[in-house]
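Visitor: kindly generate the corresponding structure for this input.
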Amino acid sequence: MSSPRIRRLALLAVSFAAASACRPAMSAAQDTPLRTKVLLIGLDGVRVDILAAAQTPVIDSLASAGFFSDEAKTRVRTVSGPGWSSMVIGARTDRHLVDSNDFSGNDYATYPDFLTRIERERPELNTLAVVDWPPLGTTDSGGPLFSDEIDVRIDFDGELDGYRLADSLSVEAAAKQLRETDVDAAFVYLGEIDVVGHETNSRSPQYRAAIEWADTRVGLLLQALRDRPTYADEDWLILMSTDHGRNDAGGHGGTSPSEKTIFFLASGPSVEPGRTDCPPEIVDVAVTALAHLGLGPDPAWGLQGEVRGLKQ
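Guide: Predicted coordinates for the structure are as follows:
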């Protein structure tokens, strides 16, 4: 993990974190508030102790300059369906009704993903979802989790193409959108880590390498943000988390601490750096994203998360 490419990504993340920590809340050129924007990056199936042991300079630099917890909790069944639903909605299974990888019977109409919520509350904002696990963006298994109301939804198929390729295509497509269009809120999903965990185990060198590979993809997304011509006038909140941990054998779905424990990362000019003695929960992710954009949470929405990491 010491190639020139990876070193450049590490320096990029340090630069991004430093700029986020020092940048004023007002645009110096225009003396106007920075435009708030959100990028949520979802890494499937990350076990936090292996994340800590892996060489992840991009994620590490974001965490060191931002708000980070490696003791966050799922509080839902430790499989992807309820995990991703709870994260991007801000409510648990008792509300969105997804308790497995069969999304049939969901109540996404009442409890939509945060991007759809944004479209309903502030349709002038531009939303983007790039996903490659089919139920997230297609009708496969009772999906999609991310609705057709989102402005731009780009779907790849990791089940058909393999998640290493599909993740690469997802990051390439997302980076292009982030660099060249007026995106206000985005979600990008990467699934390779989870697949490698299942194929090997949680302590295999292959699983650790998959986490390190994903770290470089995060760096490419950050580069896309910095390449935006309007970046200096924007307040990007970078959120990152995972849907569940995993057991030693590489599986998940149980109630062991390593399966229930996840990480929560928030970085950007509006973030209060540091750690917390009160661990976040998976439902805090979407609520924090919405709050950064000035959206609630409205009690009428029935969300169960809290705003975490943002300056008061």
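
Visitor: show me the shaky parts of the protein.
Guide: Low-confidence segments of the chain (pLDDT under 70): 1-31.

Visitor: all helices of it, in order?
Guide: Counting by DSSP state H, the chain has helices at residues 4-22, 48-53, 57-65, 80-89, 93-96, 114-121, 134-137, 158-161, 163-180, 192-199, 205-226, 257-260, 284-292.

Visitor: wait, which of the ones you listed is closest to residue 40?
Guide: Comparing the helices of the chain by their distance to residue 40 (CB to CB), the top pick is helix 284-292, with 5.9 Å. Every residue, glycine included, has its C-beta placed from N, CA and C.

Visitor: what helices and strands are in contact with that closest one?
Guide: Counting contacts by 3 or more CB pairs under 8 Å, 6 or more residues apart in numbering; DSSP states H and E, helix 284-292 is packed against strand 35-43, helix 80-89, helix 114-121, strand 234-241, strand 261-267.

Visitor: closest to residue 183 out of the ones you listed?
Guide: When these are compared (using CB to CB), the closest one is strand 35-43, at 7.0 Å.

Visitor: now residue 225: how far from residue 235?
Guide: Between residue 225 and residue 235 the distance, using CB to CB, to the nearest Å, works out to 11 Å.

Visitor: gap between the residue sitting nearest the centre point of the chain and residue 121?
Guide: The centre of the chain sits closest to residue 41, judged by CA atoms, centre = their mean, with a distance of 2.7 Å. According to CB to CB, residue 41 and residue 121 sit 23 Å apart.

Visitor: count of neighbours near residue 78?
Guide: Using other CB atoms under 10 Å, residue 78 has 24 neighbouring residues.

Visitor: neighbours of residue 226, how many?
Guide: Neighbours of residue 226 under the rule other CB under 10 Å: 15.

Visitor: how far away is it from residue 95?
Guide: For residue 226, the distance to residue 95 equals 37 Å [CB to CB].

Visitor: how about residue 282?
Guide: Going from residue 282 to residue 95 by CB to CB gives 13 Å.

Visitor: neighbour count: those two, which is higher?
Guide: Of the pair residue 282 and residue 95, residue 282 is the one with more neighbours under other CB under 10 Å, namely 30 against 19.

Visitor: one step back: TSV for the helices of the chain, including distance to residue 300?
Guide: Shown next, in TSV, are the helices of the chain (distance: least, CB to CB, whole Å):
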stretch	distance to residue 300
helix 4-22	33
helix 48-53	34
helix 57-65	33
helix 80-89	15
helix 93-96	13
helix 114-121	11
helix 134-137	26
helix 158-161	36
helix 163-180	31
helix 192-199	35
helix 205-226	33
helix 257-260	30
helix 284-292	13
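
Visitor: tell me how far residue 80 lies from residue 293.
Guide: Residue 80 is 26 Å from residue 293, where distance means CB to CB.

Visitor: looking at these two, which is more packed in?
Guide: The neighbour count for residue 80 versus residue 293, taken as other CB under 10 Å, is higher for residue 80 (25 against 20).

Visitor: since that was my last question, I'll sign off now.
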